[in-house]
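Colleague: structural data only, the sequence is not supplied:
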């Protein structure tokens, strides 16, 4: 049976950084060669980063991508990686248009190119806007092993390219991916990859990007599944990682070219004869799956860290109110960036309670982040007196004074301002535009309020397991949430109980349920009327909110795109 040592490079690319991504591929190719690998697979569009969005429409960028690919082939040969067969994703361009493509690099040359066939156009994906689909499959022979490839969405299609490869005959299928994270998505991947391996009649190696790109975060979850659908190994999530695996492959099955399942199958032999027999490495143990809270926490940390670093910031600043949202954002920031790069600011007004100030200070002591107090009472008084503000206008000017304070500190010291609002608040418009909504990034923008509490409890429990001080004060978790913009105010004065509110929001926002659906599910008419009215009226606020890491199936912004001006109302 032919043997092959496979290396799957789960790496963190940056959109548009062709030089940096080239170095990334060279670095991890060296690691693959040092591990004795014969074939290395990198993620979808690793050379350009993903998604490139409207950069794909620029001829200059596409040409630079092609040039970078040719240069990478040369670099790999010069770096002693010429004998390695490397599958590398990139942006291509030909007479038919722009292409989401992957190339095979060997001995200093680009020896094969394949274009993605199925272009997703749902959720965060707009690939039909940018790319022309491919219609061919290139199978390469590596040390006697026939290797076929499918790119990301091609893997999700029943009877698609994988079935065509199975019909044509291959020993191994590799699949470069840039598959964004959302909760519980990793649970769906393994059954999918298993089905496709059985369909192909060959082992399937799935490799995925890792890292943050604007609102998206990629979790890796690279894996290899046998021809029988059984899991062989799986990489950890949210870290760069090289999976190195020896495979004994059958070889000798019928090999055909020509038309299969609507695809033109071409073959190219790179190294024809099988390798002499060698002792295989131990099979890497599959990584332990993360719990739901752990997965979400790592996704939020990864998204925040990469947004800060890839955009050239070194530090962040945020308001510390003593409440649960700012406490969780601060703890995420410290985990992502280290305490020396996190600046917390308490901004008490005349309505701020003593426990809010003490809880904010306690949080800073627990996490080790920088802390300062900037009272806003005098600033608020100037606005209130000069403009004659009362009621809601007086409440909101407090939030806006805090926003101005944070932006001033940002401008002065170069910090990135973090908005601390959660998805529940954003859904119902429970935030002050140009106030607590200011900032460059919103780490928990896609986290419902009830999940914020769950994450806080989980993070504290993890600290206790490690013998560390829990980062989030217990009082911030247990006390009734309040904006503290007037005496005795609590959130439930104007909002339903959060457990109930989040249940409605989950069905209305995530599930796209209508008014009648929600009533049929058992929610009261009064509750549904109130929540849907608040959600629909707040669309203009959501459009002006900072970007934040997507963790759900339908995040505000990239996924849920509704008109601001609309006469439609559910009911």
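Modeller: Received it, and whenever you're ready, just let me know what you need. Note that the coordinates shown come from a computational prediction; the quantities given were computed from them, not determined experimentally. Numbers count the residues shown, from 1 in each chain.
Colleague: quick one, strands of the stretch 251-400 of the chain?
Modeller: According to DSSP state E, counting those that start in this stretch, the stretch 251-400 of the chain carries its strands in the segments 258-260, 263-271, 316-319, 342-346, 370-373.
Colleague: between those, which gets nearest to residue 430?
Modeller: Nearest of the strands of the stretch 251-400 of the chain to residue 430, taken as Cβ to Cβ: strand 316-319 at 15.8 Å. All C-beta atoms are positioned from the backbone trio N, CA, C, and that covers glycine.
Colleague: about what we covered before: of the strands of the stretch 251-400 of the chain, which stretch is the most buried?
Modeller: strand 316-319 (a mean of 27; mean count of other Cβ atoms under 10 Å).
Colleague: who touches that strand?
Modeller: With Cβ atoms under 8 Å, 6 or more residues apart in numbering as the test, strand 316-319 has contacts from 308, 326, 329-330, 333, 337, 341-347, 402, 406, 409-410, 413, 415-418, 420, 436, 439, 441.
Colleague: return the members of those residues classed as buried.
Modeller: Buried members of those, scored by 16 or more other Cβ atoms under 10 Å, are 308, 326, 329-330, 333, 337, 341-347, 402, 406, 409-410, 415-418, 420, 436, 439, 441.
Colleague: quick one: which helix or strand includes the closest residue to residue 540 other than its chain neighbours?
Modeller: Nearest residue to residue 540 in three dimensions, chain neighbours excluded: residue 564, at 4.9 Å (Cβ to Cβ, 6 or more residues apart in numbering). Under the criterion DSSP states H and E, no helix or strand holds residue 564.
Colleague: how about residue 564, phi and psi?
Modeller: The phi and psi values for residue 564, taken as degrees, to the nearest 10, are phi -70, psi -50.
Colleague: do I have it right that it meets residue 543?
Modeller: Yes - taking Cβ atoms under 8 Å as the definition, residue 564 is a contact partner of residue 543 at 6.1 Å.
Colleague: any idea where the strands of the stretch 101-250 of the chain begin and end?
Modeller: Ranges of strands within the stretch 101-250 of the chain are 109-115, 136-142, 145-149, 172-177, 204-208, 210-213, 216-219, 223-225, 231-234, 241-248, based on DSSP E, counting those that start in this stretch.
Colleague: before we move on, the earlier item: out of the strands of the stretch 251-400 of the chain, which is closest to residue 127?
Modeller: strand 263-271 (18.2 Å).
Colleague: what lies in contact with that closest one?
Modeller: In this structure, residues lying in contact with strand 263-271 by Cβ under 8 Å, 6+ apart are 85, 104, 106, 111-112, 117, 135-144, 146, 161, 164-165, 168, 255-259.
Colleague: just the buried residues of the residues you listed.
Modeller: 85, 104, 106, 111-112, 117, 137-144, 146, 161, 164-165, 168.
Colleague: dump the strands of the stretch 101-250 of the chain into CSV; add distance to residue 366 and mean pLDDT as well.
Modeller: Formatted as CSV, the strands of the stretch 101-250 of the chain follow (distance: least, Cβ to Cβ, whole Å; pLDDT from 0 to 100):
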stretch, distance to residue 366, mean pLDDT
strand 109-115, 52, 96
strand 136-142, 53, 95
strand 145-149, 49, 95
strand 172-177, 38, 97
strand 204-208, 35, 98
strand 210-213, 25, 97
strand 216-219, 26, 97
strand 223-225, 37, 97
strand 231-234, 34, 96
strand 241-248, 31, 96
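Colleague: got CSV for the ones you listed, with distance to residue 456 too?
Modeller: Output for the strands of the stretch 101-250 of the chain, formatted as CSV (distance: least, Cβ to Cβ, whole Å):
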stretch, distance to residue 456
strand 109-115, 46
strand 136-142, 49
strand 145-149, 43
strand 172-177, 32
strand 204-208, 29
strand 210-213, 22
strand 216-219, 20
strand 223-225, 31
strand 231-234, 29
strand 241-248, 29
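Colleague: and those: which comes nearest residue 50?
Modeller: Proximity to residue 50 (Cβ to Cβ) singles out strand 210-213 among the strands of the stretch 101-250 of the chain, at 7.0 Å.
Colleague: ok, the closest one: who's next to it in the sheet?
Modeller: Here strand 210-213 is paired, per DSSP bridges, with strand 216-219 (antiparallel).
Colleague: now the strand it pairs with: how far from the chain's centre is it?
Modeller: Mean-position distance between strand 216-219 and its chain equals 2 Å (Cα atoms, centre = their mean, to the nearest Å).
Colleague: helices and strands of this structure: which one has the lowest mean pLDDT?
Modeller: Every helix and strand of the chain was ranked by mean pLDDT, DSSP states H and E. The lowest is strand 258-260, at a mean of 86.
Colleague: so what secondary structure elements neighbour that one?
Modeller: Applying 3 or more Cβ pairs under 8 Å, 6 or more residues apart in numbering; DSSP states H and E, we find strand 258-260 packed against helix 161-168, strand 263-271.
Colleague: format these as JSON lines; extra columns: mean pLDDT and distance to residue 94.
Modeller: Formatted as JSON lines, the helices and strands packed on strand 258-260 follow (pLDDT from 0 to 100; distance: least, Cβ to Cβ, whole Å):
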{"stretch": "helix 161-168", "mean pLDDT": "93", "distance to residue 94": "19"}
{"stretch": "strand 263-271", "mean pLDDT": "92", "distance to residue 94": "15"}
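Colleague: can you list the ones you listed in JSON lines and add distance to residue 75?
Modeller: As requested, the helices and strands packed on strand 258-260 are exported to JSON lines (distance: least, Cβ to Cβ, whole Å):
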{"stretch": "helix 161-168", "distance to residue 75": "30"}
{"stretch": "strand 263-271", "distance to residue 75": "19"}
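Colleague: which one of those lies nearest to residue 122?
Modeller: Closest to residue 122 of those is helix 161-168 (Cβ to Cβ; 18.9 Å).
Colleague: angle of that closest one against strand 145-149?
Modeller: Here helix 161-168 runs at an angle of 150 degrees relative to strand 145-149 (axes from the mean of the first three to the mean of the last three Cα atoms, to 10 degrees).
Colleague: pull up the gap between the residue nearest to the spatial centre of the chain and residue 292, please.
Modeller: By Cα atoms, centre = their mean, the mean C-alpha position of the chain lies nearest to residue 217, the distance being 1.2 Å. Residue 217 is 15 Å from residue 292, where distance means Cβ to Cβ, to the nearest Å.
Colleague: and residue 562, by the same measure?
Modeller: To residue 292, residue 562 is 28 Å away according to Cβ to Cβ.
Colleague: looking at these two, which one has more neighbours?
Modeller: For residue 562 and residue 292, the more surrounded residue by other Cβ atoms under 10 Å is residue 292, and the numbers stand at 15 against 12.
Colleague: neighbours of the residue nearest to the more buried one when sequence neighbours are not counted, how many?
Modeller: Once flanking residues are discounted, residue 292 sits nearest to residue 183: 6.8 Å by Cβ to Cβ, 6+ apart. Counted with other Cβ under 10 Å, the neighbours of residue 183 add up to 15.
Colleague: nearest to residue 39, out of the strands of the stretch 251-400 of the chain?
Modeller: strand 263-271 (9.6 Å).
Colleague: looking at the spatially closest residue to the residue nearest to the centre of the chain that is not a sequence neighbour now. What's its pLDDT?
Modeller: Spatial nearest neighbour of residue 217, excluding adjacent residues (Cβ to Cβ, 6+ apart): residue 303 at 4.2 Å. Residue 303 is assigned a predicted lDDT (pLDDT) of 98.
Colleague: repeat that for residue 90.
Modeller: 98.
Colleague: what does the helix of greatest length in the chain contact?
Modeller: Longest helix of the chain, by residue count under DSSP state H: helix 391-413. Residues from elsewhere that reach helix 391-413 (Cβ under 8 Å, 6+ apart): 315, 317-319, 343, 345, 347, 349, 351, 374, 376, 379-380, 383-384, 387, 389, 415-417, 432, 434-440, 483, 485-486.
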